[in-house]
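Visitor: compute the structure for the input listed below.
(one chain, ligands or ions: 1)
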Amino acid sequence: MAGRENPATKYEGHQKHFRGTLVALRLGRGLTLFQADRGRRYQAKNEDYVRLDTQHRAFKERQLGRNFLAPIDEVLNDGSDYRKGVLDIGTGTGIWAREIAAEYPDADVIGLDLSPMQSRKGVPPNCKFVVHDASKGFPFPTGFFEVVHCRLLMSGIRDWRAFIDEAVRVVRPGGLLVMVECDGWRHLNSGTEEEQRALAPGFFKLRDYIIKGLRLRGLDAEAGSTTVPNLLMAHPGLEEFNKVYAPLPMWPWSDDPVLRRVGEHMLVDARELPEACRKLVVDVCDISNDEYNQLVRGWRDDVGKPGVTSLFPVWHNWAFKAE
Ligand SMILES: C[S@@+](CC[C@H](N)C(=O)[O-])C[C@H]1O[C@@H](n2cnc3c(N)ncnc32)[C@H](O)[C@@H]1O
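Guide: Next up, the predicted model:
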C-alpha cells in the first residue's frame, strides 16, 4: 500500500518535540518507554476493566453491531490508497481502538489515556497505546489523523473548549471529529420527575450525589447534551455538525429486543457504578464512607426493580474539519 507514514511511527520520531507528560509508549513487542508522570498515574481496579468492556458491548449492541454511528467508515474507506490515522482519546481498556484496528487493517490506530490500563493481549500490529493527559494538549502534529474519536470523557475534562480546539487541530482537513458523550443526569424513561423519584428514591439519591461530586470538582454534568455539541456546532474549523441521541437502558427493562440486550450488558455498569464513583463523591461532598455505603444499598435496591426504566443519556456528536 502506497504511502503515508504510519502515525504511530511518526509519533515515535516526533515525541521529543512535544511538551506534555508522556508516561509510557509501547513501541511494539516488549519495548516500553516510561517517564515520570508526577504521581498522576491511575490504576483502574479489575471491576472497572470489566465494567468498561461490558459497557463497550452495550454501545455496540445499541449501534446494531457497529463501533460507531458517525460516518467513520466513509472516511476510512474513501477509496484513496494511503494509510489513514485514527486517534481514540481516553481509550480506557483500549477495546474500541483494538477493534477499529482489527476492522481497518489499512489504518493505524492510537489509543491515548491518562492511565496505562490497556490490554496487552490481542492488540493488532496497527494499534498502539500512549499514556498522556489529554487536558495538556495532544502530542501529535497538526492534521495528523483522519479520525479523532473520544467516548465518555466527562469525568476527566474540565475545559471542553480547549480540548475541542486541540482535537480539531490534530484532525486533517476533511477528516472527522467524533465525540460520544453522556450527561450525569441518569433518569427514568417515563413519568414526571416527581413520579420518577417516588418510584426509585435510592437511584436518584446516589445520582444526585454523583452530579454534586462532578460539579464540586469543576466537571460538566451536561457535557453530552449541551456543552460538547454547542462547542462543535460553533467551532469555526468544523462543518456538517451532527448530533444523535442514543440513550442506553441501564438494565433489561425494555420489550425491544435490541434495547433489552443493551440493558443486559449495562446491568454490570449499574451494579459497579457506585464503587467507580465512590472517590468522586466522598472526596468532595460532605459525606462519610459509611453514609456512602447506605447510598449504595439504596441504589442497588432500585437496580432492576420492576417498572424502573432507567436510562443512561448519551449523545453521538460529530463534525468534519473544514477543508
Ligand atoms: C469512562 S472511561 C471511557 C473509556 C473508553 N473511552 C470507553 O468508552 O470504553 C474514561 C477514560 O478516560 C480517561 N481519561 C480521563 N481523563 C483523561 C485525561 N485528562 N486524559 C486522558 N485520558 C483521560 C480515563 O482514564 C478513562 O480510561
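Visitor: what packs against the helix or strand where Asp88 lies?
Guide: Using DSSP states H and E, the element containing Asp88 is strand 84-89. With contacts defined as 3 or more Cβ pairs under 8 Å, 6 or more residues apart in numbering; DSSP states H and E, the packing partners of strand 84-89 are helix 72-76, helix 95-103, strand 107-113, strand 145-151. Glycine gets a C-beta too; all of them are placed from N, C-alpha and C.
Visitor: which residues sit against that strand?
Guide: Counting by Cβ atoms under 8 Å, 6 or more residues apart in numbering, the neighbours of strand 84-89 from elsewhere in the structure are 4, 7, 72, 75-76, 94, 96-97, 100-101, 104, 106-113, 134, 138, 140, 144-151, 153, 167, 170, 172.
Visitor: what do you get for stretch 249-265?
Guide: Looking at what lies outside stretch 249-265 - Cβ under 8 Å, 6+ apart - the contacts are 54-55, 57-58, 61-62, 64, 186, 189, 248, 266-267, 269-270, 303-304, 308-312.
Visitor: buried subset of those, written for ChimeraX?
Guide: Command for ChimeraX that selects the buried part of the contacts of stretch 249-265, burial taken from 16 or more other Cβ atoms under 10 Å:
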select :54,55,57,58,61,62,186,248,266,267,269,270,303,304,308,309,310,311,312
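Visitor: so which of the contacts of stretch 249-265 are in helices?
Guide: The subset of the contacts of stretch 249-265 located in helices under the criterion DSSP state H comprises 54-55, 57-58, 61-62, 266-267, 269-270.
Visitor: columns pLDDT and distance to the ligand on top of those, output as CSV?
Guide: Formatted as CSV, the entries for these read as follows, by pLDDT from 0 to 100; distance: Cβ to the nearest ligand atom, whole Å:
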residue, pLDDT, distance to the ligand
Thr54, 95, 10
Gln55, 96, 6
Arg57, 97, 10
Ala58, 98, 10
Glu61, 97, 14
Arg62, 96, 13
Met266, 97, 13
Leu267, 95, 17
Asp269, 92, 10
Ala270, 95, 14
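Visitor: reformat those as CSV; add distance to Tyr209.
Guide: Formatted as CSV, the entries for these read as follows, by distance: Cβ to Cβ, whole Å:
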residue, distance to Tyr209
Thr54, 23
Gln55, 21
Arg57, 27
Ala58, 24
Glu61, 29
Arg62, 27
Met266, 20
Leu267, 21
Asp269, 17
Ala270, 16
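Visitor: from those residues, pick the one nearest Arg207.
Guide: Ala270 (11.3 Å; Cβ to Cβ).
Visitor: contacting residues for the closest one?
Guide: 250-251, 303-304, 310.
Visitor: can you lay out the residues you listed as a markdown table showing pLDDT and distance to Leu238?
Guide: Listed next are those as a markdown table, based on pLDDT from 0 to 100; distance: Cβ to Cβ, whole Å:
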| residue | pLDDT | distance to Leu238 |
| --- | --- | --- |
| Met250 | 97 | 32 |
| Trp251 | 97 | 36 |
| Val303 | 96 | 39 |
| Gly304 | 95 | 41 |
| Ser310 | 96 | 33 |
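Visitor: from those residues, which land in strands?
Guide: When DSSP state E is applied, those are split such that Ser310 fall in strands.
Visitor: residues in a beta bridge with the nearest residue to Pro247 once chain neighbours are set aside, which ones?
Guide: Nearest residue to Pro247 in three dimensions, chain neighbours excluded: Leu311, at 4.3 Å (Cβ to Cβ, 6 or more residues apart in numbering). Listed by DSSP bridges, the beta-bridge partners for Leu311 are His187, Pro249.
Visitor: alongside the ligand, which residues does the stretch 51-200 of the chain contribute?
Guide: The stretch 51-200 of the chain has residues 52, 56, 90-92, 96, 113-115, 133-135, 151-153, 156 near the ligand, with proximity defined as Cβ under 6 Å from any ligand atom.
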